[in-house]
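1. next input, structure requested:
(4 chains, ligands or ions: 8)
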There are 4 protein chains.
Amino acid sequence: FRILFLGDVVGEPGRKGVATLLPLLKEELKVDFAIVNGENAAGGRGITPKIAIGLMRAGAAVITTGDHIWDQKEILPFMQDEPRLLRPINYPSNAPGQGTVVLETKRGKVGVINLQGRVFMKEGMENPFTAITEAVTEMRKETPIIFVDFHAEATSEKVAMGWHLDGLVSAVVGTHTHVPTADERVLPKGTAYQSDAGMCGPMESVIGSEIQPVLERFHTAMPARFGIGKGAVRLNGVLVTVDPTTGKAMAIERVARTWHE
Amino acid sequence: FRILFLGDVVGEPGRKGVATLLPLLKEELKVDFAIVNGENAAGGRGITPKIAIGLMRAGAAVITTGDHIWDQKEILPFMQDEPRLLRPINYPSNAPGQGTVVLETKRGKVGVINLQGRVFMKEGMENPFTAITEAVTEMRKETPIIFVDFHAEATSEKVAMGWHLDGLVSAVVGTHTHVPTADERVLPKGTAYQSDAGMCGPMESVIGSEIQPVLERFHTAMPARFGIGKGAVRLNGVLVTVDPTTGKAMAIERVARTWHE
Amino acid sequence: FRILFLGDVVGEPGRKGVATLLPLLKEELKVDFAIVNGENAAGGRGITPKIAIGLMRAGAAVITTGDHIWDQKEILPFMQDEPRLLRPINYPSNAPGQGTVVLETKRGKVGVINLQGRVFMKEGMENPFTAITEAVTEMRKETPIIFVDFHAEATSEKVAMGWHLDGLVSAVVGTHTHVPTADERVLPKGTAYQSDAGMCGPMESVIGSEIQPVLERFHTAMPARFGIGKGAVRLNGVLVTVDPTTGKAMAIERVARTWHE
Amino acid sequence: FRILFLGDVVGEPGRKGVATLLPLLKEELKVDFAIVNGENAAGGRGITPKIAIGLMRAGAAVITTGDHIWDQKEILPFMQDEPRLLRPINYPSNAPGQGTVVLETKRGKVGVINLQGRVFMKEGMENPFTAITEAVTEMRKETPIIFVDFHAEATSEKVAMGWHLDGLVSAVVGTHTHVPTADERVLPKGTAYQSDAGMCGPMESVIGSEIQPVLERFHTAMPARFGIGKGAVRLNGVLVTVDPTTGKAMAIERVARTWHE
Ligand SMILES: [Fe+2]
Ligand SMILES: [Fe+2]
Ligand SMILES: [Fe+2]
Ligand SMILES: [Fe+2]
Ligand SMILES: [Fe+2]
Ligand SMILES: [Fe+2]
Ligand SMILES: [Fe+2]
Ligand SMILES: [Fe+2]
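-> Ligands and ions are numbered 1, 2, ... in the order given. This is a model prediction of the structure:
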């Protein structure tokens, strides 16, 4: 069972790249299930219903997100009605939306959990280690094929989460830093792990944003609004091969493609 | 001109791995100049004079460090007398030690600059963008072959630094997160860039530390002292090929080797 | 019913000042119940069993703490057996110790809750707003006289907590910044509030620590161990007058005394 | 020589309170020179030219600010032409505006310096300890009467700054937390010090903002826009009496007035 996951889609360039390449990738890599993190799809800031629908049409079965999820207000009502658009599960309990979903596929049920870290991130989220334990226990009653998108900054928290979930889920893949890491591996008890999937966005950029304003801000400490970068788009993701009966990962490999308009 | 850089050496396992493999790597990869980040070489916390000498004997021409540089007090007097052991250059001006060095080699002069980021890191450092501009301007009077170890947490700050220095130095390679990134490339004006080199340390660990105590701390928020992890040691680094007359990078590739006692 | 609360006792000077003045203050102010925050009583870092016993002998019915609670390891077993020594209640559920206590007095039951903030503090604590709501609901079944020590950094979080608990507890008084605030008042529904009680420690100091090393650290960004400051000791606290039948606060006033050896 | 300083003016309620009471206070307290921090005067976010002019007409000789200074874009060109509107001096050198001003008064020259802290604040500012030393050295060539508004979060940094400047300036008064502190004193070498002046804003608020949305955000971790609070307005400030020939402070006292429309 092959799951393709693409990291944070950034702005129009990222969306176009995904719309063009995701269908091809699914065929080329014989993907059974595709997940895309869309937290920066709307100009770098959140996601709109229209954009979410576009990503699903391009082939994403589930869209995960992260700290930017509420940047576009119109996403709130949409999220209530669309179980395949997730926000991190460890928001306090009265937050709108959902952090998990289980979907039927031709080859069995697949569960996806969206989770957010706390180290170096805005305070307010519940303990991700506690939250995920509950969510996984619950989900394993339905299916052993579980993919976790851990949206977090610190490598310590991410790697620790990988070990924490080893043997309990099929894959733990990080997002949020927008830079792919080269530490993909299958952990001893069968969980595929990679600290960050990287982004789907323009290469001539600072993690998606225009270069000059970012540099200026680092020099002057003055506030600046960043547009989206330009140039060729790099799609970063991972392909995880899972034993569908046990849910154990058999392989994980980085996937990267460059697309130019 | 080929420069090998190895990321944060963690504890005894990391040191042993480097002592064993660095000489072999230098030969295998025809390395002209080797640099090693040693900020975690002493049990994960700083570096001692003895350990620094050991790393140099193993083949490191220069040792860079980072936020852990002062963890072992004995390093202070040693650093004053050893120009090849660097601490980040953007400490306030009255801090002991040095952040740059230029060394003669058979094939010309090579400069190394150690720099530290500020985003998500302890406050107190001077602006790295300002500091590096001065240091590079000065160093380019002596040599165009310049390697920058940017010890930083946030990908935004690291990628921005790459663009800031593009065309001014041979390479900007990050350290500190202990996880290698898969974003190595030569930027348009000739600077090799990679967000993080990764560490040289045990694979059964959370970025070098024992797994169980780290997991416990994330669950309980109780303080914990972390020992060093175990298992096979992974050496992570990068190899940069530089045109010695212009200082421009011609290639950058990730280097990784596994070593088991 | 008169409750005297003294803020963070810092080191030996703070302890001596409290030992000398607390008995006198209790008499002078006709105090029915005294609470002392002891998180910095052991040389600025945590508290030991011996010191805790000393503060109780001096007249503290309950000792609250904060983020420094685990600095001295010997406090762990002691805390298990001493219900009158509290640590913040919003540690994850498997942490040792307790965050609340209800004690009988001649004039009725008094409850104390120790709580910790999250803004600008180490991550890992559970949501204080959620945690306190549960704890207060539970405690009000036993007594309406409830004192909350909210150990937190940010004024926004502290003031918000005051409003959140207005009408539910007798008093919300902050600690942790070591500087008393001049915003004491009884909120509209009857809860006494003050953002910070201030510390009980030496006046010639930086919030309790020796001045010179602190200044040097701010100048150099080098690590430094801080001793305890010197000079006269300032005891800072608040006196809250509560209607014992309703638990409503009738008055809150700052209390400050200077003591010199 | 009597200097009145009012802390962060928040929104329309704060502005109206200042406009009404500042003229009366100046007369009542025989104020020679009035300074107002206006960083939140425009709906809590920055300050506009019109508002700045209004505060000056109400009697402020100088307006200091802080981290919110750039929230309103129109302030940038205005600031270039108005030397009496300050932004923190420790912005990197190429930032617009000025951090110091010296003004002639009937009773001699008065200097004002605006400075910003770094602990728990957005990174990017230069070292305030280094920056202020230079600025004070320079300013003392013109006048010994110097008032420093240190806009900072952490009490450690603020108190340390007080000691650092003791004997070099007439007063160091903090702003930014919006809560007045009760630690006013004249330090041994003659500098008046208070950690925070508090705000000029509505009392039924969380440091100026509407209560309900703030509480909701602490409960849900969802983003929220905060309006300005309501109810009576509290003006918080300090009155510093300075020996005009030496610049030494002779006294510092808190000033607080309540105003209701
Ligand atoms: Fe993102
Ligand atoms: Fe994110
Ligand atoms: Fe490191
Ligand atoms: Fe580091
Ligand atoms: Fe404390
Ligand atoms: Fe504390
Ligand atoms: Fe403010
Ligand atoms: Fe501020």
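
2. which parts of chain A sit against ligand 1?
-> With Cβ under 5 Å from the ion as the criterion, chain A comes near ligand 1 at residues A:Asp8, A:Glu39, A:Asn40. C-beta: built from backbone N, CA, C; applies to glycine.

3. can you put those in CSV and add neighbour count and pLDDT?
-> Conversion of these to CSV gives the following (neighbours: other Cβ atoms under 10 Å in any protein chain shown; pLDDT from 0 to 100):
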residue, neighbour count, pLDDT
A:Asp8, 31, 98
A:Glu39, 29, 98
A:Asn40, 31, 98
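
4. for those, which one is nearest ligand 3?
-> Distances from those to ligand 3 were compared by Cβ to the ion; the smallest belongs to A:Asp8, at 25.4 Å.

5. dihedrals phi and psi, A:Val18?
-> Comment: the main-chain dihedrals of A:Val18 come out as phi -70, psi -40, following degrees, to the nearest 10.

6. count of neighbours near it?
-> For A:Val18, the number of neighbouring residues by other Cβ atoms under 10 Å in any protein chain shown comes to 28.

7. list the contacts for it?
-> With contacts taken as Cβ atoms under 8 Å, 6 or more residues apart in numbering or on different chains, A:Val18 has the following neighbours: A:Leu6, A:Val9, A:Val36, A:Leu55, A:Ala58, A:Ala60, A:Cys200, A:Leu235.

8. could I get the residues of chain A next to ligand 1 as CSV with distance to ligand 7?
-> Rendered in CSV, the data for the residues of chain A next to ligand 1 read as follows (distance: Cβ to the ion, whole Å):
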residue, distance to ligand 7
A:Asp8, 33
A:Glu39, 30
A:Asn40, 30
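
9. can you give me the helices for the stretch 51-200 of chain A?
-> A:75-81, A:128-139, A:155-165 (DSSP state H, counting those that start in this stretch).

10. hmm, who's touching the first one?
-> Read it as helix A:75-81. Counting by Cβ under 8 Å, 6+ apart, helix A:75-81 makes contact with A:Gly46, A:Ile47, A:Thr48, A:Pro49, A:Ala52, A:Ile69, A:Trp70, A:Leu85, A:Arg87, A:Pro96, A:Gly97, A:Gln98, all of which sit outside it.

11. so what's the fifth one up against?
-> By that I understand A:Ala52. A:Gly38, A:Ala41, A:Ile63, A:Ile75, A:Phe78, A:Glu82, A:Leu85.

12. can I get the lengthiest strand in chain A in CSV, CA atoms only?
-> The strand that spans the most residues within chain A, counting by DSSP state E, is strand A:228-242. Once side chains and other backbone atoms are set aside, the C-alpha atoms of strand A:228-242 remain, and they are given as CSV (Å, rounded to 0.1, in the frame of the first residue of the first chain):
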residue,chain,number,x,y,z
ILE,A,228,5.6,34.6,-2.6
GLY,A,229,9.0,33.8,-4.2
LYS,A,230,9.5,33.0,-7.8
GLY,A,231,11.3,30.7,-10.2
ALA,A,232,10.9,27.0,-10.7
VAL,A,233,8.7,25.2,-8.2
ARG,A,234,10.1,22.3,-6.1
LEU,A,235,7.7,19.6,-4.9
ASN,A,236,9.0,17.9,-1.9
GLY,A,237,7.4,14.8,-0.4
VAL,A,238,7.8,11.2,0.8
LEU,A,239,6.6,7.9,-0.5
VAL,A,240,5.8,5.3,2.2
THR,A,241,5.2,1.7,1.4
VAL,A,242,3.0,0.0,4.0
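
13. can you list the buried residues in that strand?
-> Taking 16 or more other Cβ atoms under 10 Å in any protein chain shown as the neighbour-count basis, strand A:228-242 is seen to contain the buried residues A:Ile228, A:Gly229, A:Val233, A:Arg234, A:Leu235, A:Asn236, A:Gly237, A:Val238, A:Leu239, A:Val240, A:Thr241, A:Val242.

14. dump these to a markdown table, plus pLDDT and distance to ligand 3.
-> Formatted as a markdown table, those follow (pLDDT from 0 to 100; distance: Cβ to the ion, whole Å):
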| residue | pLDDT | distance to ligand 3 |
| --- | --- | --- |
| A:Ile228 | 97 | 32 |
| A:Gly229 | 97 | 29 |
| A:Val233 | 98 | 32 |
| A:Arg234 | 98 | 27 |
| A:Leu235 | 98 | 30 |
| A:Asn236 | 98 | 24 |
| A:Gly237 | 98 | 28 |
| A:Val238 | 98 | 25 |
| A:Leu239 | 98 | 30 |
| A:Val240 | 98 | 29 |
| A:Thr241 | 98 | 33 |
| A:Val242 | 98 | 33 |
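
15. which SS class is A:Lys50?
-> On the three-state scheme (DSSP: H, G, I helix; E, B strand; the rest coil), A:Lys50 is labelled helix.

16. and the closest residue to ligand 6 within the stretch 151-261 of chain A, how many neighbours?
-> Each residue of the stretch 151-261 of chain A has a distance to ligand 6, by Cβ to the ion, and the smallest belongs to A:Ala154, at 22.8 Å. By other Cβ under 10 Å, 22 other residues sit near A:Ala154.

17. quick one: contacts for it?
-> For A:Ala154, the contacting residues are A:Gly117, A:Val119, A:Phe120, B:Phe120, B:Glu153, taking Cβ under 8 Å, 6+ apart as the criterion.

18. same thing but 10 Å
-> If a contact means Cβ atoms under 10 Å, 6 or more residues apart in numbering or on different chains, then A:Ala154 has A:117-121, A:160, A:174, A:176-177, A:195, B:120, B:153, B:177, B:207, C:123 as its contacts.

19. quick check: the farthest pair among those?
-> Taking every pair in those and measuring Cβ to Cβ, the maximum separation is 18.5 Å, between A:Ser195 and C:Glu123.

20. settle it for me: which of the two has more neighbours?
-> Neighbours were tallied for A:Ser195 and for C:Glu123 using other Cβ under 10 Å; the higher tally belongs to A:Ser195 (31 against 17).

21. ok, the more buried one touching A:His151?
-> No. The pair formed by A:Ser195 and A:His151 falls short of the contact definition of Cβ atoms under 10 Å, at 11.9 Å.

22. now the residue of the stretch 1-150 of chain A found nearest ligand 1: closest residue in space, sequence neighbours ignored.
-> At 3.6 Å from ligand 1, A:Asp8 is the closest residue in the stretch 1-150 of chain A, using Cβ to the ion. Closest residue to A:Asp8 in three dimensions, ignoring its sequence neighbours and counting by Cβ to Cβ, 6 or more residues apart in numbering or on different chains: A:Met199, at 4.5 Å.

23. quick check, the one you found in contact with A:Gly174.
-> No. Taking contacts as Cβ under 10 Å, A:Met199 lies outside contact range of A:Gly174: 11.8 Å.

24. which neighbours do the two share?
-> Common contacts of A:Met199 and A:Gly174 (Cβ under 10 Å, 6+ apart): A:Gly7, A:Asn37, A:Pro180.
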